[in-house]
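> My questions are about this predicted structure, shown below with the sequence.
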Amino acid sequence: MGLPVLALWELGGTEGCSGNETGLSFPVNCLDRHVHVAPDKVALIWEKDEPGEEVQVTYRELLELTCRLGNTLKRQGVKRGDRVTIYMPPCPLAVASMLACARIGAVHAVVFAGFSAESLADRIQDAQSETVITVNQGLRGGKVIELKKTVDQAVKQCPGVKRILVSMRTDSKVPMTALDVLLEEEMMKEDACCEPAAMDSEDMLFLLYTSGSTGKPKGLVHSQAGYLLFAALTHKYVFNYQDRDIFGCVADIGWITGHTYVVYGPLCNGGTTVLFESTPIHPNPGRYWETVERLKINQFYGAPTAIRLLLRYGDEWVKKYDRSSLKVLGSVGEPINKEAWEWYFHVVGETRCPVVDTWWQTETGGICISPRPSNPGAKILPGMAMRPFFGISPSLLDDKGNVLLENNISGALCISQAWPGMARTIYNDHKRFLETYLTPYPGFFFTGDGVYRTSEGYYQLTGRLDDIINISGHRLGTAEVEDIVNHHVAVAESAVIGYPHEIKGEGAYVFVVLKKDSGYTQETLTAELQELISKKIAKYAAPEYVQVTHRLPKTRSGKIMRRVLRKIVEDKATELGDLTTLDDHEAVQQIIEGHKLLVEGWKSC
Ligand code: PRX
């Protein structure tokens, strides 16, 4: 590592630096409060990419890091209310950056460090950030990721950026620009005390971008008090978190799961939280369980996509390690299929640990529907989110807007009264916030998900009702992908559909109509579109399949019939439903044939 981060912690000096004790201030609740009671309690365990190199950071050290970073931000000109973009992998300085923004009243906007330079630039511009915090390089799965280079590319398109604070994650020097500030060097010069700004409970705490069914990703705004209360409560009750537990949420801090259950929930509860930098299969498929054994993790929280991947490698990779520390297993981000749930429960948890399938969204701030093992004896059924959390009142609505009161019924999942953790608006676009969430079913918050209420009154999520797909738990608007595809020189028209994927849950499938004499074939276009989408959005968004077709199925009024395409990619071409409005039946037959050829060709590769 370049400038030793540890050296910063050894400087000492947080004595006497404590925020006001009224309990209202956000950073005080996550740090100072605990420093007074147990300064040497471990707050963070940074589980670095290589196993066995973990670093522990106590509450006192985290407070000091946060204060020095807060003072650095202030010295660089960051003021209350300013947006600061954080493009970092999970590491103590990323957490300290988030907390430092909160401490000085700035608003953080963490961007997942797997997003491309273009996606990062879009988010910096939308947030009007003048400050970016990053690392020279990331390390993930044994590979070096050139994060600073990506930031430099992004910033070329963002004239508003005035400074880039660079932390040295590796020893490698990267080319510096006039905007760069070496973070650790500056922090060393700063005071280890930074008074927390007094904020209003409804002031903005952070923005987090997420995909919608139309247009560009939206910056959802979370507030101070309500968000933190909800993060802490859900963390405590859903996971039955107890004082000395080690909480292991393996999500990246770039997603809402990382915000709420890696950082804010556990820290507000004075817990010990793991920052997982690696992948489930590095250096081998036993990584999660080896980490559980070594760190003695009590609650493990991960995504079904990883569980599906690991179960394919067999039980041996799990059984090799001692998992007796585990008490609760959590699942998040997408539906967990029965096979994955059973494996998680029986093999990983040895039928001892309740599995909490937690349903929630970036918009909800924290878990809304989930079993609660803190409620002994409560029933848990495989693959079901089961019951609403305290204060959450789910309602099912039909497509005419009627509330469905009975059980054994499916409907659109809405929430009928406000809850503390709900997003307050979309940054700079309150109209879009109202249109997306509050006007589709007046009087209700519309989640975009479908749900089934069982005969016993339990809730089972059935998938998105809009054009958002969920790839390995990452949300992606099909419109975002179509926008890129439609800009390709050879493309006349396209439709992007989610198809069921054995490991990722869903994958992107692109139907394309070529321009006349474009000169492209299905193969050449596939390679180009995969590269283009990786470059413009992120690698996870790249489509597996690109099918060139002469026409897309449309209604007589010219609307693409997506539900027909969806059935085709789900291999349910015999269940196309009502086709009376379809303008060209032959086109559909051709698409079905083309799909078969493409998928069979792929399988035989
Ligand atoms: O469709 C639901 C799905 O993920 C969406 C929210 O995505 P995002 O905002 O990225 O947040 C992911 C982490 C909370 C939801 O609208 N989803 C999330 N959890 C579940 C789920 N679908 C089924 N079961 C879940 N447990």
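The structure has been received and is ready for your questions.

> pLDDT below threshold where in the chain?
1-24, 603-605 (pLDDT under 70).

> which residue is nearest the centroid of it?
Residue closest to the average C-alpha location in the chain (C-alpha atoms, centre = their mean): residue 255, at 2.6 Å.

> all strands of the stretch 351-500 of the chain, in order?
Along the stretch 351-500 of the chain, counting by DSSP state E, counting those that start in this stretch, strands occupy 355-358, 394-397, 403-404, 409-415, 425-426, 445-453, 459-464, 468-471, 474-477, 491-501.

> can I get those in TSV with mean neighbour count and distance to the ligand?
C-beta: built from backbone N, CA, C; applies to glycine. Formatted as TSV, the strands of the stretch 351-500 of the chain follow (neighbours: other C-beta atoms under 10 Å; distance: least, C-beta to the nearest ligand atom, whole Å):
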stretch	mean neighbour count	distance to the ligand
strand 355-358	24	5
strand 394-397	20	13
strand 403-404	14	19
strand 409-415	20	8
strand 425-426	22	13
strand 445-453	20	5
strand 459-464	18	4
strand 468-471	22	6
strand 474-477	23	4
strand 491-501	21	11
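
> Generate a markdown table for those strands, with distance to residue 59 as supplementary columns.
Formatted as a markdown table, the strands of the stretch 351-500 of the chain follow (distance: least, C-beta to C-beta, whole Å):
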| stretch | distance to residue 59 |
| --- | --- |
| strand 355-358 | 26 |
| strand 394-397 | 36 |
| strand 403-404 | 46 |
| strand 409-415 | 35 |
| strand 425-426 | 33 |
| strand 445-453 | 36 |
| strand 459-464 | 36 |
| strand 468-471 | 36 |
| strand 474-477 | 32 |
| strand 491-501 | 42 |
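
> need the strands for the stretch 151-300 of the chain, in chain order.
163-167, 180-182, 204-210, 218-223, 246-249, 272-276, 299-302.

> quick one: which of these is nearest the ligand?
Shortest distance between the ligand and the strands of the stretch 151-300 of the chain, using C-beta to the nearest ligand atom, is found for strand 204-210: 5.1 Å.

> what residues does the stretch 151-300 of the chain put near the ligand?
210, 256-257 (C-beta under 6 Å from any ligand atom).

> Name the residues of the stretch 301-450 of the chain found near the ligand, please.
So the stretch 301-450 of the chain meets the ligand at 332-335, 357-362, 385, 447-449 (C-beta under 6 Å from any ligand atom).

> which of the residues you listed lies closest to residue 308?
residue 334 (10.0 Å; C-beta to C-beta).

> so that closest one touches residue 303, yeah?
Yes. Here residue 334 lies in contact with residue 303, judged by C-beta atoms under 8 Å, at a distance of 6.9 Å.

> between those two, what contacts are shared?
Shared contacts of residue 334 and residue 303, defined by C-beta atoms under 8 Å, 6 or more residues apart in numbering, comprise 472-473.

> In the chain, spot the helix with the most residues.
In the chain, taking DSSP state H as the definition, the longest helix is helix 585-603.

> Any idea how many residues pack against the nearest residue to residue 587 once chain neighbours are set aside?
With C-beta to C-beta, 6 or more residues apart in numbering as the criterion, residue 587 has its nearest non-adjacent residue at 4.0 Å, and that residue is residue 551. For residue 551, the count of nearby residues is 15 (other C-beta atoms under 10 Å).

> One more: the one 4 residues further on?
When neighbours are defined as other C-beta under 10 Å, residue 555 has 14 of them.

> Could you find the closest non-adjacent residue to it?
residue 581 (4.4 Å).

> If I follow the layout properly, that neighbour ends up in contact with residue 556?
Yes. Using C-beta under 8 Å, residue 581 is in contact with residue 556, at 5.9 Å.

> coming back round to it: mind putting the strands of the stretch 151-300 of the chain in TSV, mean neighbour count included?
Formatted as TSV, the strands of the stretch 151-300 of the chain follow (neighbours: other C-beta atoms under 10 Å):
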stretch	mean neighbour count
strand 163-167	24
strand 180-182	17
strand 204-210	24
strand 218-223	24
strand 246-249	25
strand 272-276	25
strand 299-302	26
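
> Which one of the ones you listed lies nearest to residue 108?
Checking these against residue 108 by C-beta to C-beta gives strand 204-210 as the closest, at 4.8 Å.

> relative orientation of that closest one and strand 218-223 in degrees?
Using axes from the mean of the first three to the mean of the last three C-alpha atoms, to 10 degrees, the direction of strand 204-210 lies 150 degrees away from that of strand 218-223.

> picking that back up, now for the residue nearest to residue 587: which residues touch it?
So residue 551 contacts 513, 584, 587, 590 (C-beta under 8 Å, 6+ apart).

> Could you report the neighbour count for the second one?
When you say that, I think you mean residue 584. 14.

> Where does the nearest residue to it once chain neighbours are set aside sit, in terms of helix or strand?
The spatially closest residue to residue 584, leaving aside those adjacent along the chain, is residue 551, at 5.9 Å (C-beta to C-beta, 6+ apart). Per DSSP states H and E: residue 551 is located in neither a helix nor a strand.

> Quick check: residue 551 vs the ligand, distance?
Distance, residue 551 to the ligand, by C-beta to the nearest ligand atom, to the nearest Å: 31 Å.

> how far away is that residue from residue 511?
Distance of residue 551 to residue 511, computed by C-beta to C-beta, to the nearest Å: 10 Å.

> now residue 272
Counting by C-beta to C-beta, the gap from residue 272 to residue 511 is 49 Å.

> Can you tell me which of the residues of the stretch 151-300 of the chain next to the ligand is closest to residue 58?
residue 257 (24.3 Å).

> Can you report how many residues neighbour the closest one?
Residue neighbour count, defined by other C-beta under 10 Å, stands at 25 for residue 257.

> Pretty sure it sits against residue 249.
Yes. Look at residue 257 against residue 249 with C-beta under 8 Å: they come within range, at 6.5 Å.
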